[in-house]
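S.K.: quick one, fold the following:
(chains A and B)
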Protein chains: 2
Amino acid sequence: MIQPSFDDKATPCLLLDVDRMTRNIQTLEARLGRLGVPLRPHVKTCKSIEIARRMMASNSPGITVSTLAEAEYFFGHGIEDQLYAVGIAPGKLDRIAGLYRNGLALKLTLDNSPSARRVAEAATRLNCAFPVLLEIDSDGQRGGFRPDDPGLVETAGELTDAGCRVLGVMTHMGASYDCRNAACLERAAETERRAAVTAAERLRRAGFEAPVVSVGSTPTATFARNLDGVTEVRAGTHVFMDLVMAGLGVCAITDIAISVFTEVIGFRPHAGEWLADAGWMALSRDRGTASQDIDCGYGVVCDESGRRVDDIIVRATSQEHGILARRDGKPIEPDRFVVGQRLRILPNHACATAAQHNGYWLVGEDLAEGRFWPRMHGW
Amino acid sequence: MIQPSFDDKATPCLLLDVDRMTRNIQTLEARLGRLGVPLRPHVKTCKSIEIARRMMASNSPGITVSTLAEAEYFFGHGIEDQLYAVGIAPGKLDRIAGLYRNGLALKLTLDNSPSARRVAEAATRLNCAFPVLLEIDSDGQRGGFRPDDPGLVETAGELTDAGCRVLGVMTHMGASYDCRNAACLERAAETERRAAVTAAERLRRAGFEAPVVSVGSTPTATFARNLDGVTEVRAGTHVFMDLVMAGLGVCAITDIAISVFTEVIGFRPHAGEWLADAGWMALSRDRGTASQDIDCGYGVVCDESGRRVDDIIVRATSQEHGILARRDGKPIEPDRFVVGQRLRILPNHACATAAQHNGYWLVGEDLAEGRFWPRMHGW
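M.R.: Got it, this is the predicted structure:
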């Protein structure tokens, strides 16, 4: 497979505006600096060592990962403090023990007693003092112990008895994505904080040290007013931002740092629509803005330099085709584009769109255009 | 990055039931054999040379591709007759000319005069007699000349004048995916056939040879009663089938040959739901069944051996989490699964789910379990 070259303008490919990325990183860093809490960047969005290093502030304790392949890749690049923020699958414990013996004490997450028993068994069998965070449910939407669940303290006991280290608690307020205004996001951040701090205090009253209280998502990290009792914040999407974040009011559309570079391949005269060579394979199937006030289809259309073109979106996709249409349904003029013209498409969801690509072609004033940063993938 | 091993049961990963795949290939081959038309398999679904070779029947003229990276990969594996079934982006013509000089006369597709002019310019500049198919619009949904468009014959003339070879016409009835019964699919197949044959006859009356009349999609290939005048059928999804095809009546759920292997990681006692380690990264964001009569969420849950478990689906996903729920909304029993149990998830859309993975772990009686067939990706 030939690696696409930006000089040849192979389309579709993923562009990264490094200046926007740098501003996004600095904005969150400044915000958390004012609240006095370090960022443990989530690298599931970028999956790139070049970008992860830039996301780590001077006081970052380490990174957050979502797969063991990420853990191995970033450990191979020298990052030794990692939190694996997905409830542990027992079938992965032998592989994690191998990493442990090589020097990566990956912090595990779990939220139920059966998982704790499997971790405890493996800790004894493999002679690994796995460090563990207990996941807390702050929104009722996914996993986690409720802060007042009696199982929380019991599970901490089971783990400690087996020689594991119970480091504390972590939570993720996924429900923050359903907010529609700043007040809702501020409340979500406070609910997330309170759930984690309450659970940690219960563990401490029961005799566990529980030094770590880890919370976060890009929306709550951005809107938190108070992080008392929190020891670290996890966020990852902020590095690129996306249309879902813009719809939430977390960023402006002009903050979005990644886009899919595409070429116009045809016109649909009867519909007043255009065709481009970015379909769902390049944009992803993510329709995260479908439930927001402004539905952006499969992405917002910008010109080659990144400026928005009227109010044109990718209305529909097939695997390698995108259909460009005005959001208001009126026809696009037959001379609005020309076949062969290049465009940029801003994504609904940075994590999903970036995952469709092997890496990032850099654009930005401070960098030589056309450098390529690879991404890792898989499990 | 460590390659996952099926022996270690790394999850999530993609399984391929080779026996089901073989039956799916044979079923379509027999059907088209009865209609006397060869299959030009679309390899955008499998992106694997091992699978593409099995999809090619003895009378297959070649393959269909959706990206130049596919063209290069399959050409590197010796497949020299290829149709590139996406309207050509002029920016790709230099790269295609390079392939042409190396012996791959990739058949191009286009549907408008500006594209034809760009191809004609490049043909002259690069001294390449690009072979071209004119795309016909049989459903009003994407690209293509309408069969009666005067531009069809004019464009054929422009291409011929520039030294290109106008091979004929191709069309894809994407609207067949919106059908709800067999009668609708039979009509869709006939509409697709008639559009292509009508356009080819117009070209022939105008003096063009137009030997190729290429049609197809898995639904129309399956339901066509008559393919008079058609010289080849394109289909790709049939190799794996998926829940969208099952919802259309194109296959049974027990024909679906790929699944995502996952491990149970937790229980949500308040909701009566379970968590597994297959999220949208492993399943894709495709929600193709959302508009069908039976919405399968992000996939249908089967046990480790591939048998359906009650009527449980993946109701929701985040990047690496899947939430398993009964379709009827009733709670799943707390003893229905155990943490650490392995499951298989049948996908909504085979093309989208397979694209999230680096390859296929084989299962099936006739093959040694655990063999791995890689997939290519990118553009």
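S.K.: three-state assignment of the residue lying farthest from the centre of chain A?
M.R.: Taking CA atoms, centre = their mean, the residue of chain A most remote from its mean C-alpha position is A:His270, at 39.8 Å. What DSSP: H, G, I helix; E, B strand; the rest coil gives for A:His270 is coil.
S.K.: can you get me a residue count around the nearest residue to it once chain neighbours are set aside?
M.R.: Excluding its sequence neighbours, the residue lying closest to A:His270 (CB to CB, 6 or more residues apart in numbering or on different chains) is B:Gly140, at 7.1 Å. C-beta here means a position set from N, CA and C on the backbone, and glycine is covered the same way. With neighbours defined by other CB atoms under 10 Å in any protein chain shown, the count for B:Gly140 comes to 12.
S.K.: which stretches of chain A have low pLDDT?
M.R.: Scanning chain A for pLDDT under 70 picks out A:1-9, A:365-370.
S.K.: repeat the analysis, applying 90 as the threshold.
M.R.: Within chain A, the stretches with pLDDT under 90 are A:1-10, A:57-58, A:180, A:310, A:364-371.
S.K.: can you list the domains in it?
M.R.: Domain assignment for chain A by automatic domain parsing gives A:36-240, A:257-374.
S.K.: format those domains as JSON lines; extra columns: distance to B:Pro331.
M.R.: Formatted as JSON lines, the domains of chain A follow (distance: least, CB to CB, whole Å):
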{"stretch": "domain A:36-240", "distance to B:Pro331": "15"}
{"stretch": "domain A:257-374", "distance to B:Pro331": "25"}
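S.K.: please list the residues of the stretch 201-350 of chain A that sit near chain B.
M.R.: Counting by CB under 8 Å from any CB of the partner chain, the stretch 201-350 of chain A comes close to chain B at A:263-268, A:270-271, A:275, A:277, A:280-282, A:284-287, A:318-321, A:323, A:338-340, A:342.
S.K.: which ones among those residues are found in strands?
M.R.: Among these, the members falling in strands are A:263-268, A:275, A:323, A:342 (criterion: DSSP state E).
S.K.: between these, which has the most around it?
M.R.: Counting neighbours by other CB under 10 Å, A:Ile265 comes out on top of these with 31 neighbours.
S.K.: what sits against it?
M.R.: Neighbouring residues of A:Ile265 by CB atoms under 8 Å, 6 or more residues apart in numbering or on different chains: A:275-277, A:321, A:339, B:86-89, B:115, B:143.
S.K.: for A:Ala271, same thing?
M.R.: A:325, A:331, B:140.
S.K.: nearest spatial neighbour of the first one, skipping sequence neighbours?
M.R.: Translated: A:Ala325. A:Arg315 (3.8 Å).
S.K.: go on, the second one?
M.R.: In space, A:Pro331 comes closest to A:Gly272 once its chain neighbours are excluded; the distance is 2.1 Å by CB to CB, 6+ apart.
S.K.: quick one: the residue lying closest to A:Arg40 once chain neighbours are set aside from chain B, how far?
M.R.: Of all residues not flanking A:Arg40 in the chain, A:Glu232 sits nearest, at 4.7 Å (CB to CB, 6+ apart). As defined by CB to the nearest CB, to the nearest Å, A:Glu232 lies at a distance of 20 Å from chain B.
S.K.: how many neighbours does A:Glu232 have?
M.R.: If you count neighbours by other CB under 10 Å, A:Glu232 ends up with 23.
S.K.: same check on A:Ala156?
M.R.: Around A:Ala156 there are 24 other residues, counting by other CB under 10 Å.
S.K.: show me the contacts for it.
M.R.: Listed by CB under 8 Å, 6+ apart, the contact set of A:Ala156 reads A:134, A:166, A:203, A:206, A:208, A:210.
S.K.: what about the first one, which SS state?
M.R.: Yep, that's A:Leu134 we're talking about. Secondary structure state of A:Leu134, per three-state DSSP, is strand.
S.K.: how about the strands in the stretch 1-150 of chain A?
M.R.: A:13-17, A:63-65, A:82-87, A:107-110, A:131-136 (DSSP state E, counting those that start in this stretch).
S.K.: got these as CSV, with distance to chain B and mean neighbour count columns?
M.R.: Shown next, in CSV, are the strands of the stretch 1-150 of chain A (distance: least, CB to the nearest CB, whole Å; neighbours: other CB atoms under 10 Å in any protein chain shown):
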stretch, distance to chain B, mean neighbour count
strand A:13-17, 7, 23
strand A:63-65, 10, 27
strand A:82-87, 4, 23
strand A:107-110, 8, 25
strand A:131-136, 8, 26
